[in-house]
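Enquirer: please find the sequence and the predicted model below.
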Amino acid sequence: MLSRAAAQPYSRPLLCAPNSDDDDDEDELVGPRTVCGEAKMSECDQFEQQSGGGILLKRWLSGRSNWFKRYNSDALSHRRARTGLGWVTAALFIVADIAGGGVVAIPVALLNSGLFMGSIAMFSICLTFFYTAHLIGKNWVTMCTKWPEVYGKVHCRKPYPEMAYRAMGQRAKSFTSAILNIMNFCISTVYLLLAAQILSELLSSMFPNVVQHQIGLCSMMPILALLLLPVTFLKSPQDFWLAVVTAMVTTTLSVLLIVFGTFLDQPACAPYAHHPSFNSGSFFLSIGIFFFSFGGHSVFPTIQHDMRRPKKFTRSSFLAFAIVASMYVPISFFGYYVYGDSLHDSIISSIQTAPIQQFANLFIALHCILTLTVVINPLNQEIEHILDIPHQFGWQRIVARTFVMFSVVFVGLTVPSFGPILNLIGGTTVALTSAILPCLFDLYLHSSDNKKGVQKLGGDQQQNSTNFKRIIETTPFPKLALNLSVIVLAILCGFAATYSAFVELSTSRFSGPCYLSSTTNLANKAITTGQQLMHCCGQFRNITRYDNGFQCQLVNREEF
């Protein structure tokens with residue numbers, strides 16, 4: 001490997017290095033994101049991270065001696081090797097992408113699906129989504145090998161839609177981009193709802209002498225959106241990993257507090273916990289939550305693209321899903337045994353130690369706010385790209401991004417409960433991006449390689465068109481059976497989860513839009529001045545650790 005590098009001193013180093021088996025040699029091949037000089041590479045960004053006149057200096061050096069060329073390339077290569085993500089760091093970023101909203105909802109999903117069937121569903125989905133994460137990593141390495149000039153030496157802005165394009169063509173790319181935009185919009189709505197609900201509870205409980213009026217979910221949503229709107233006006237940063245890591249840390253702290261608070265409530269609540277019998281409708285409704293809790297695959301190619309050794313992405317995925325499972329399992333089973341069917345939307349509301357509940361809510365709210373500002377940025381940029389809005393800051397950006405935030409708030413006010421939206425996301429967009437599409441991309445990308453091996457192609461050259469009959473003929477049977485099984489089960493479960501979510505929206509448990517006066521008053525009744533929203537345990541939510549039961553008076557009795 002070193003001799004080949006010496007024989008070709010002027011070739012630009014690859015970002016992927018998919019064929020390298022030696023770690024030291026691989027660092028030599030992991031180079032900078034070099035300039036995309038060809039117009040056909042429309043999805044690539046120019047490497048403009050040099051300070052001052054770095055680009056002019058690079059152009060000047062490119063016309064000088066070979067020694068300067070080699071020195072410039074080697075220096076950038078070593079700098080990229082030092083700044084690339086290690087596989088452990090990449091695993092932490094995957095955890096930050098997956099964990100979050102599922103922390104508060106997955107205990108309710110286990111309760112509604114039943115202990116036995118829910119446990120099977122949760123672990124099966126975890127293993128299945130790890131497998132599809134492995135497929136995404138393998139697909140990206142294959143793309144780097146087949147099209148090294150496009151994906152091996154330059155930075156790709158939208159790696160997941162590009163994967164669809166190389167596997168199934170332009171229509172698949174457009175469809176995938178649309179699905180990602182819809183998913184980002186819905187996730188933004190979920191996190192705005194969850195953050196608004198948590199902050200409304202915190203303000204009324206922590207500052208009873210300051211907050212003299214009712215601040216419900218419907219009132220807090222537009223207030224929070226207005227506070228976050230100026231942040232969304234900023235241009236999306238090249239490196240937002242600090243926000244992602246902070247979100248992961250806050251989620252971890254919240255999980256620890258939830259487990260500790262549940263342990264403290266166990267002596268008083270566990271003897272009175274009531275567990276409902278199995279119901280097929282509730283089970284399929286929980287499938288959407290499980291999908292959402294383990295999904296997030298659309299971001300995986302971006303994380304892999306920034307790794308020093310992208311071929312180790314499977315190792316990163318294994319560690320990440322193990323960490324996420326270690327978060328979900330304790331809070332799910334503790335919540336099931338301690339609280340039973342007194343759980344409602346969020347397990348944090350059932351914790352009866354006020355400081356623990358407040359800090360757990362605060363950490364989850366911080367996670368939601370950080371994730372919202374990150375998730376809504378790609379959606380804003382896509383809208384600006386469609387409308388051909390200039391990249392410079394101006395009134396066009398303000399109008400476009402204000403409209404996006406207004407749309408998110410309007411949907412949140414129309415469906416003022418994050419549970420149904422979360423179920424819809426899990427049954428539709430997450431099922432597609434985290435289960436169905438990775439398997440399809442894998443089958444189509446590798447159908448021509450099963451007999452000939454991976455063939456290197458030009459940047460504008462597509463692989464031979466593949467139909468499903470060819471896939472069946474060329475794909476090994478174990479792999480074909482596994483991928484098709486994942487696709488079929490994901491379609492069936494996704495359809496059932498989506499149908500169950502629509503059924504829930506039509507029931508009396510759903511309060512209705514906030515902009516109707518009666519439902520606005522109902523939503524604001526959840527928060528009362530000077531007291532914190534806290535669901536007591538027991539079948540009738542009338543059991544508390546304290547001698548007086550004033551906390552239980554906040555429960556809406558219409559739910560029974």
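Expert: Right, received. Where do you want to start? Numbering: from 1, shown residues only.
Enquirer: quick one: the helices in the stretch 401-550 of the chain?
Expert: Secondary structure of the stretch 401-550 of the chain (DSSP state H, counting those that start in this stretch): helices at 418-425, 431, 437-446, 449-452, 468-474, 477-505, 517-524.
Enquirer: stretch 132-144: how far from the chain's middle?
Expert: Relative to the chain's own centre, stretch 132-144 is displaced by 18 Å; criterion: C-alpha atoms, centre = their mean, to the nearest Å.
Enquirer: next one: stretch 487-500
Expert: Going by C-alpha atoms, centre = their mean, where stretch 487-500 is centred and where its chain is centred differ by 20 Å.
Enquirer: looking at the helices of the stretch 401-550 of the chain, which one has the lowest mean pLDDT?
Expert: Ranked on mean pLDDT, the bottom entry among those is helix 517-524, at a mean of 48.
Enquirer: contact partners for the residue nearest to residue 268 when sequence neighbours are not counted?
Expert: Leaving aside its sequence neighbours, residue 268 sits nearest to residue 545 (C-beta to C-beta, 6 or more residues apart in numbering; 4.4 Å). For the C-beta atoms, the positions are set from N, CA and C on the backbone; glycine is no exception. By C-beta atoms under 8 Å, 6 or more residues apart in numbering, residue 545 lies in contact with 264-265, 268-269, 352-353.
Enquirer: tell me which of those residues fall in helices.
Expert: Judged by DSSP state H, those include 264-265, 268-269 as members of helices.
Enquirer: now, among these, which is nearest to residue 180?
Expert: Using C-beta to C-beta, residue 265 is the member of these that sits closest to residue 180, with 40.0 Å.
Enquirer: picking that back up, for the contacts of residue 545, give me CSV that also has distance to residue 431, pLDDT and neighbour count.
Expert: Converted to CSV, the contacts of residue 545 look like this (distance: C-beta to C-beta, whole Å; pLDDT from 0 to 100; neighbours: other C-beta atoms under 10 Å):
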residue, distance to residue 431, pLDDT, neighbour count
264, 37, 92, 15
265, 34, 91, 22
268, 39, 88, 17
269, 34, 90, 23
352, 36, 86, 23
353, 37, 86, 17
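Enquirer: save those as a markdown table, and put in distance to residue 278 too.
Expert: Converted to a markdown table, these look like this (distance: C-beta to C-beta, whole Å):
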| residue | distance to residue 278 |
| --- | --- |
| 264 | 30 |
| 265 | 25 |
| 268 | 27 |
| 269 | 22 |
| 352 | 28 |
| 353 | 32 |
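Enquirer: ok, so of those, who is nearest residue 202?
Expert: Nearest to residue 202 among these is residue 353, at 14.9 Å by C-beta to C-beta.
Enquirer: one step back: just the ones in helices among the contacts of residue 545 now: which is nearest residue 329?
Expert: Nearest to residue 329 among the ones in helices among the contacts of residue 545, with distances taken as C-beta to C-beta, is residue 265, at 18.3 Å.
Enquirer: any idea how far that closest one is from residue 109?
Expert: 20 Å (C-beta to C-beta, to the nearest Å).
Enquirer: repeat that for residue 419.
Expert: 10 Å.
Enquirer: what touches both of those two?
Expert: residue 289.
Enquirer: those two: who's more crowded?
Expert: Remark: of residue 419 and residue 109, residue 109 carries more neighbours, 30 against 25, as counted by other C-beta atoms under 10 Å.
Enquirer: now do that one, the pLDDT please.
Expert: pLDDT, read off for residue 109, is 91.
Enquirer: quick check: mean pLDDT of stretch 131-151?
Expert: 88.
Enquirer: and if you look at stretch 173-185?
Expert: 92.
Enquirer: same question for stretch 205-219.
Expert: 64.
Enquirer: ends of it, how far apart?
Expert: Taking C-alpha to C-alpha, to the nearest Å, stretch 205-219 runs 16 Å from one end to the other.
Enquirer: ok, now stretch 265-285?
Expert: Terminal-residue distance, stretch 265-285 (C-alpha to C-alpha): 28 Å.
Enquirer: list the buried residues of it.
Expert: Residues of stretch 265-285 classed as buried by neighbour count (16 or more other C-beta atoms under 10 Å): 265-266, 268-269, 272-273, 282-285.
Enquirer: contacts for it?
Expert: Stretch 265-285 is contacted by residues 111-118, 121, 334, 336-342, 350-353, 423, 493, 496-497, 499-501, 503-504, 537-539, 543-545 when judged by C-beta under 8 Å, 6+ apart.
Enquirer: quick one: buried ones out of those?
Expert: 111-114, 118, 121, 334, 336, 338-342, 350-353, 423, 493, 496-497, 500-501, 504, 537-538, 543-544.
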